[in-house]
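> below are the sequence and a predicted model; questions follow.
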Amino acid sequence: MPDFRAKLFRIPGPGGWVFLTVPARHAPPPGGPWGRTPVRATVDGKTWDTSVWWDTKSQSTLLAVPKKIRGGKDDGDTVAAGVEPRA
């Protein structure tokens with residue numbers, strides 16, 4: 001399912017999360033509570049059910065990528081990724 005490549009970035013601060021930006025052409029429409037949309041995500045061949053959310057500050061869709069999914073990759077690394085909406 002990987003449809004695009006994206007660079008990981010870390011939100012600064014203690015315990016900062018690592019995200020990737022979903023390109024607009026691959027992003028589901030914002031919806032659900034707080035702009036969260038349920039998706040099935042794949043990053044570097046690992047697939048899990050999660051949500052993406054619309055970030056009003058950057059005007060983009062973000063996917064949080066947990067450590068167990070990204071393995072040794074972190075801020076600044078590029079991954080192969082894909083998202084598909086789920087009910």
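Great, that's in hand.

> so what's the residue count around residue 48?
13 (other CB atoms under 10 Å). For the C-beta atoms, the positions are set from N, CA and C on the backbone; glycine is no exception.

> report the contact partners of it.
Shown in contact with residue 48 (CB atoms under 8 Å, 6 or more residues apart in numbering): 40, 41, 69.

> can we see that at 10 Å?
39, 40, 41, 42, 65, 66, 68, 69 (CB atoms under 10 Å, 6 or more residues apart in numbering).

> same question for residue 36.
30, 50, 51, 52, 53, 54.

> A helix includes the fourth one, no?
No: secondary structure assignment (DSSP: H, G, I helix; E, B strand; the rest coil) places residue 52 in strand, not in a helix.

> for it, name its beta-bridge partners.
Using DSSP bridges, the bridge partners assigned to residue 52 are residue 37, residue 63.

> that one touches residue 34, doesn't it?
No: when contacts are counted by CB atoms under 10 Å, residue 52 is not listed as touching residue 34 (11.5 Å).

> between the two, which one's more packed in?
Each of residue 52 and residue 34 has its neighbours counted (other CB under 10 Å); residue 52 has more, 27 against 8.

> the more buried one and residue 59: what is the separation?
14 Å (CB to CB, to the nearest Å).

> now residue 30
When residue 30 is compared with residue 59 (using CB to CB), they lie 11 Å apart.

> now residue 60: phi and psi?
Note on residue 60: backbone dihedrals following degrees, to the nearest 10 are phi -150, psi 170.
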